[in-house]
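# Quick one, what's the 3D model for this:
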Amino acid sequence: MGKLPHFNRTNFAKWKHLMTAYLIGLHPDIWKVDCNGFEPPVDPKNPTLDEMRIIHLNGQATSVLLSALDGDEYNRVIGVDIAKQIWDTLHLAHEGIDKVRKARIDLLMAKLNRFITMDGEGPQEMIDRLMTMVGKIRRYGCDELDDHKVVKIMLEAYSPRNETIVTLIRDKKKFE
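Okay, the predicted model is just below:
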């Protein structure tokens with residue numbers, strides 16, 4: 001199954017992605033319980049087989065989530081025994097509500113619009129830096145940043161440094 005992704009309060013988006021894959025890999029129903037939560041049994045003293053299965057899945061998801069947290073993050077959710085509540089608490093603490101998420105996207109998009117090649121930076125380093133920024137923006141849920149826009153930003157960032165390459169690429173597009 002692979003190593004449990006641990007979260008130490010850095011790069012929540014990456015941890016969330018890895019944890020999602022990990023929980024689905026354990027069993028898709030574990031991920032469903034984590035996303036959707038579950039209804040407590042109608043009769044807690046006499047749960048049905050299906051209710052027992054859901055309780056078990058929640059226990060598995062809760063155990064995995066709690067095991068993945070460092071001490072400070074664990075303290076944030078101590079006493080919570082429903083996987084969805086743990087997930088939502090971590091999500092809110094690290095990605096915020098929609099207004100905060102949109103503000104973070106706006107800040108990253110503004111930074112992306114000012115993206116330039118750094119002195120002494122080669123094309124691969126520039127592309128790696130650009131794609132890291134694009135990945136952050138996309139992980140916050142921005143869907144307006146398609147591959148065409150990314151290539152345009154890359155070309156504009158590279159053009160002041162190497163006008164010949166950018167001109168050749170632009171000319172090629174005219175003939176296509």
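# Not counting sequence-adjacent ones, nearest residue to Tyr140?
Using CB to CB, 6 or more residues apart in numbering and skipping the chain neighbours, the partner closest in space to Tyr140 is Ile105 (4.9 Å). In short, each C-beta sits where N, CA and C put it, glycine included.
# Next, the contact list for the one you found, please.
Ile105 is in contact with 137, 140-142, counting by CB atoms under 8 Å, 6 or more residues apart in numbering.
# Likewise for Val64?
4, 19, 22-23, 26, 30.
# so it is in which element?
Per DSSP states H and E, Val64 falls inside helix 49-67.
# how about that helix: buried residues?
By 16 or more other CB atoms under 10 Å, the buried positions in helix 49-67 come out as 51, 54-55, 57-58, 60-62, 64-66.
# right, and the secondary structure at the residue nearest to Tyr140 would be what?
Under DSSP: H, G, I helix; E, B strand; the rest coil, Ile105 falls in the helix class.
# Please report how far it lies from Asp143.
10 Å (CB to CB, to the nearest Å).
# cool, and Lys32?
Using CB to CB, Lys32 is found at 24 Å from Asp143.
# okay, the two: which has more neighbours?
For Lys32 versus Asp143, the count of surrounding residues by other CB atoms under 10 Å is larger for Lys32: 16 against 7.
# In a helix, the more buried one, correct?
Yes - under three-state DSSP, Lys32 falls within a helix.
# Relative to Ala13, how far out is it?
Using CB to CB, one gets 21 Å for the distance from Lys32 to Ala13.
# quick one, what contacts the closest residue to Asp72 other than its chain neighbours?
Nearest residue to Asp72, sequence neighbours excluded (CB to CB, 6+ apart): Arg9, at 6.3 Å. In this structure, Arg9 makes contact with 70, 72-73, 94, judged by CB under 8 Å, 6+ apart.
# check which helix or strand covers Arg9.
Using DSSP H and E, no helix or strand contains Arg9.
# pLDDT weak spots in the chain?
Counting by pLDDT under 70, the chain contains low-confidence ranges at 1, 97, 159-176.
# Could I get the full set of helices for it?
12-26, 28-36, 49-67, 71-76, 83-95, 98-113, 123-139, 147-158, 163-175 (DSSP state H).
# Just the buried ones from the contacts of Val64?
Buried among the contacts of Val64 (16+ other CB under 10 Å): 19, 22-23, 30.
# so which of these comes closest to Asn36?
Set against Asn36, the nearest of the buried ones among the contacts of Val64 by CB to CB is Ile30 (11.3 Å).
# okay but the closest one is in contact with Gly59, surely?
No - taking contacts as CB atoms under 8 Å, Ile30 lies outside contact range of Gly59: 9.7 Å.
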